[in-house]
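In: Quick one, fold the following:
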Amino acid sequence: MRTLFYLPVFRLGETSYYWEDVVLAAMAWEDWRLLRDTIRAGLACAKRMRDLAQWPSDEEIDSSMREFRYQNGLISAEDVEVWLKKWGLTTLDWMKYICMSVLRRKWAHNLTDIMKQFSVRDGEIDQHMKAEGICSGELLSWCRKLAIRVSLFEKYKKEWTKYESDEGFQEKMKELLKGYRSNVKKSGQLSILTPKACREKLEYLVKVDLCFQRFCERVFTEDAINEQIRFHNFDWIRIDCLRLSFPDEQMAKEALLCVKQDGEHFDELAARIQGQIHEDHFYLDCLDSTLHTHFLYAQKGELIGPITMEGNPTLFLLRDKAMPSLNDPHIKQRAQEKILNNTIDHELHNRVHWEDSFYKE
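Out: The predicted structure is shown next:
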């Protein structure tokens, strides 16, 4: 990660913001710690993989690589090489990221136990921070998060001064600053920043974040949220189901007949084939659009499939289906994110200039 420091990321007016500003903000927000926890889980899974000699299959690796290339608009292998070079990453860095991603998904139900069994040192995590941050998109997410807040703060700076002198607001600033300092201290500080520079940047970040909170309070009205829910009425249908995967499609089709025609219970079927039932909760737009109709018109208690998921023919037992509602906190959060994105995209486009050194040449 240190190879990115001192390079500018974006500019707002005459002021440039650097990678160390982004990392410091991520530490204050605790996003830095969350990324380290993700890497810790991936490394623990890698140690378990080697201990059990249970390597991911070629199909699992290829599927994850295709997904990564699709998400980053990388059509060819050459595109991947160019992308990695821009960020100062090697093919080995990328493959380690892909492998750990596959293992985390594969053993997601058992991550807590795996992390207890296979300890990971902080030094091991440090070696993967740059690759994981870049390949996962977290680093870009932090950049956007900071740019959004800084842009809005600079736009409403005059209005901000009205609140800054308020005694209650001063207390809120002190409390948030205390929390940010604690978070940064736990993260190990940033050796490239002097204590004075770190303090000044955190004080500025507190003002930026509190201004952003006020902005959100202004735009997150109940009417605006309900409008988004109506617009995404079908996309945000919540699906609750049980999932059971099979080694081949013929076996899945036979299992489907056993349940539908012979009346075998889903859990009995799983026990008979020694399969593991997984409980899933997701929204319709999380699925590939070609699968929407399977769930959209299914009734509660209906068995759906077989559908190929992550390379395996899979059956789904629909337990419940709910239309989006303001009472669902996840739906409310989704609506707020849509409102925010619609509001600030224009702001970012017109006020924030992304630097050429945004990538590491």
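
In: use CA for all of it now, contacts and neighbours both
Out: Noted.

In: thought Ile148 was touching Leu348?
Out: Yes. Taking contacts as Cα atoms under 8 Å, Ile148 lies within contact range of Leu348: 6.7 Å.

In: ok, the two, which is more surrounded?
Out: Ile148 (22 against 18; other Cα atoms under 10 Å).

In: What strand or helix carries the more buried one?
Out: For Ile148, the element it lies in under DSSP states H and E is helix 138-155.

In: tell me which residues of that helix are tucked away?
Out: 138-140, 142-144, 146-154 (16 or more other Cα atoms under 10 Å).

In: give me phi/psi at Asp328?
Out: Backbone torsions for Asp328, taken as degrees, to the nearest 10, come to phi -80, psi 110.

In: So it versus Glu60, what's the distance?
Out: Computed with Cα to Cα, to the nearest Å, the distance linking Asp328 and Glu60 is 34 Å.

In: between the two, which one's more packed in?
Out: Glu60 (17 against 13).

In: so for the helix or strand harbouring that one, what's the average pLDDT?
Out: Assessed by DSSP H and E, Glu60 sits inside helix 58-71. Helix 58-71 shows a mean pLDDT of 91.

In: ok, what's across the strand from Pro313?
Out: Beta-bridge pairing for Pro313 (DSSP bridges): Thr308.

In: Quick one: mean pLDDT for stretch 149-162?
Out: In this model, stretch 149-162 carries a mean pLDDT of 83.

In: Output it in PDB with nothing but the alpha carbons.
Out: C-alpha atoms of stretch 149-162 as PDB (Å, rounded to 0.1, in the frame of the first residue of the first chain):
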ATOM      1  CA  ARG A 149     -18.000  14.200   1.400                       C
ATOM      2  CA  VAL A 150     -15.300  16.700   0.600                       C
ATOM      3  CA  SER A 151     -17.200  18.000  -2.500                       C
ATOM      4  CA  LEU A 152     -20.400  18.500  -0.500                       C
ATOM      5  CA  PHE A 153     -18.600  20.200   2.400                       C
ATOM      6  CA  GLU A 154     -16.800  22.600   0.100                       C
ATOM      7  CA  LYS A 155     -20.100  23.400  -1.700                       C
ATOM      8  CA  TYR A 156     -22.000  24.100   1.600                       C
ATOM      9  CA  LYS A 157     -19.100  25.500   3.600                       C
ATOM     10  CA  LYS A 158     -20.800  28.900   4.100                       C
ATOM     11  CA  GLU A 159     -23.900  27.200   5.400                       C
ATOM     12  CA  TRP A 160     -21.700  25.000   7.600                       C
ATOM     13  CA  THR A 161     -20.400  28.000   9.600                       C
ATOM     14  CA  LYS A 162     -23.900  28.600  11.000                       C
END
